[in-house]
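I'll drop the sequence and a predicted model, then ask my questions.
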Amino acid sequence: MNSSSYSMVPIFYSLLKASGLTLYYSVAIVSLGTLMGLILAALYSTGRKIFKAPISLFIFLVRGIPMIVHLFLFFYVLPLFGLRFPAIYIALVGLSIANSAYICEIFRGGIESVPHGQTAAFKSLGMSYWAGMKEIILPQAMRNALPPLVNWWVIMVKLTSLISVLSLRELTYAGREMSTFTGRPFTVLLLVALIYFCICFPLSRFGDYLERRFSYIH
Amino acid sequence: MNNQPILQIENLSKSFDSTPVLKNINLTVDRNEKIVIIGPSGSGKSTLLKCINLLEDYQGGKIYFEGDLVGYTEDENGSTRKRKAKEIAEYRSKIGMVFQDFNLFPHKTVLQNVTIGPLNVKNKSKEEANKHARDLLEKVGLGDKIMEMPAKLSGGQKQRAAIARALAMEPRVMLFDEVTSALDPELVEEVLDVMKGLAEEGMTMLVVTHEMDFAYDVANRVIFMNDGRIVEIGPPAEILRNPKSERLNQFLVRFFRTKLRGIEGA
């Protein structure tokens, strides 16, 4: 096969270029999804029905639908209502929303694992719900939520591969393209795997660092 | 200062679901008064304190603080509505509370535990809050622990820090909810000493406890609660030495018998 005459360098270069988009989506979706999840969890924890009911419904819906179907829905259904957005935004918003539901659950678990006495203590000082949330509950909830949160962040990085179905040329898309094009799927996909690992590994290490930072028994 | 009672509780009743836990409680607390509440577990002592601090809702009755109805507002038809969160928080800032299991904020240093209320609620400057907190921690004997994390403290030290935290808000009334129950026996005294010091300074105190000596030495009045009701109320000598009701007699006999057995066993 003449394809075997391709050298490794341009393949690697092409994959690196595509991994830029993967990295961009990872950062954007991790930050947006985490922020949205945090807000949802804080609202849910007020215990008010007006927040609890729609958030529960949202989480049930998202959890019940595969993320890939979720993306397709955004991509094909929104235009039916005259809402047309470039695929690049659909992917960003779709994945962030879907992830926020899972992250909300992680934070909610973290918040609920903070002993009830902590709430009684900040309330008895006259602190408001939101002040207590910010100063007392969330820092402790964060610590409890960190291991599952970092775990989910790593999953999210890998889930960015889903946006390839919207023909966005991120790492997985480029990998498939290159393996067909060069006829060397093993080499190419090994490189793809290596690049994903190089993104995820520091993130895991960062998670370990955060866990140490947030531990308060010095 | 006027002679108006600091707290007036009228016909307070509360139930969890359909189980009544407080039945028609009436109590007037005067300024500088020290009231000790005793009674078997499940008698509603702690719930009463939590209702006073509005940490628990109640279904019936009224609580007045310095003459003002707190917790709920009443319109001309006599129907009541819960007050706004802000008003409730404002009221709570005047009532100090210390809990059985300390509830110190584990992610903050001892000093930060004490300053967070004044910084957050009273908008005090950091220097001012720190200075006041240092003085209070010095007073409760934790002058050398201000930079420690709560996990490094003993139970007695934690509880003294929690007292300092409540005092930092300069409360008019202090509520103590079985504050020595979670402590090793030899750590009880250091916490009681701090409380006695407070009592001597004239702090108005409501203390739920099983420490009968403390009740005897410090209380102006002792309340015996059973089954959600105030069964007896009076000066400590009267309540602890000459119980009128069979139930209180039974409680005291059992209580001292258990204590005696503990001493014999030791």
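Now that the structure is in, tell me what you want to look at. Numbers count the residues shown, from 1 in each chain, chains lettered A, B, ... in the order given.

Neighbours of the residue in chain A that chain B sits nearest to, how many?
Of all residues in chain A, A:G126 sits closest to chain B, at 2.6 Å by CB to the nearest CB. (C-beta placed from N, C-alpha, C; glycine too.) By other CB atoms under 10 Å in any protein chain shown, the residues close to A:G126 number 23.

and it, what is it in contact with?
B:89-94, B:117, B:121, B:169 (CB atoms under 8 Å, 6 or more residues apart in numbering or on different chains).

Spell out which residues of chain A are next to chain B.
With CB under 8 Å from any CB of the partner chain as the criterion, chain A meets chain B at residues A:115, A:117-118, A:120-129, A:131, A:135-136, A:139-140, A:143, A:214, A:216-218.

A:L166 contacts A:Y89, correct?
No - A:L166 lies out of contact with A:Y89 (CB atoms under 8 Å); the separation is 10.4 Å.

Of these two, give the one with the bigger neighbour count.
A:L166 (18 against 10).

which residues sit in contact with the more buried one?
A:L166 makes contacts with A:71, A:75, A:87, A:90-91, as judged by CB under 8 Å, 6+ apart.

nearest to B:E178, of the residues you listed?
A:L71 (55.3 Å; CB to CB).

tell me which element the closest one is part of?
In this assignment (DSSP states H and E), A:L71 forms part of helix A:67-77.

tell me which parts of the stretch 51-200 of chain B are close to chain A?
So the stretch 51-200 of chain B meets chain A at B:53, B:55, B:85-86, B:89-97, B:99, B:101, B:103-108, B:116-117, B:120-121, B:149, B:151-152, B:165-166, B:169 (CB under 8 Å from any CB).

Inside strands: which ones of these?
Using DSSP state E, B:95-97 are the members of these that sit in strands.

May I see the residues you listed organised as TSV, with pLDDT added?
Below are those laid out as TSV (pLDDT from 0 to 100):
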residue	pLDDT
B:I95	96
B:G96	96
B:M97	97
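
quick check, nearest of these to chain A?
B:M97 (4.0 Å).

Which residues are in contact with the closest one?
By CB under 8 Å, 6+ apart, the neighbours of B:M97 are A:120, A:124, B:49, B:53, B:55, B:166, B:174-177.

so which helix or strand takes in A:L32?
helix A:8-44.

Now do the helix or strand just after that helix and helix A:8-44, the angle between them.
Counting by DSSP H and E, the next helix or strand C-terminal to helix A:8-44 is helix A:49-64. Orientation check (axes from the mean of the first three to the mean of the last three CA atoms, to 10 degrees): helix A:49-64 against helix A:8-44 gives 150 degrees.

in helix A:49-64, what's buried?
Neighbour-count burial for helix A:49-64, counted by 16 or more other CB atoms under 10 Å in any protein chain shown, picks out A:55, A:59, A:62.

quick check: mean pLDDT across the longest helix seen in chain B?
Criterion DSSP state H: the longest helix present in chain B is helix B:246-265. The predicted model assigns helix B:246-265 a mean pLDDT of 83.

Likewise for stretch B:115-131?
Computed over stretch B:115-131, the average pLDDT equals 95.

got the buried residues for that stretch?
Buried residues in stretch B:115-131, counted by 16+ other CB under 10 Å: B:115-122, B:124, B:129-130.

what about that stretch, start to end distance?
Counting by CA to CA, to the nearest Å, you get 9 Å between the two ends of stretch B:115-131.

repeat for stretch B:115-128
First-to-last residue span, stretch B:115-128, CA to CA: 9 Å.

Now find how far off-centre that stretch is within its chain.
Relative to its parent chain, stretch B:115-128 has a centroid offset of 23 Å by CA atoms, centre = their mean, to the nearest Å.

still on that earlier bit, how about TSV for the buried residues of helix A:49-64, with pLDDT added?
Listed next are the buried residues of helix A:49-64 as TSV, based on pLDDT from 0 to 100:
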residue	pLDDT
A:I55	96
A:I59	95
A:V62	93
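
now the strand or helix carrying B:E186 against helix B:246-265, angle please.
Under the criterion of DSSP H and E, B:E186 resides in helix B:185-200. Going by the same axes, to 10 degrees, helix B:185-200 is angled at 130 degrees with respect to helix B:246-265.
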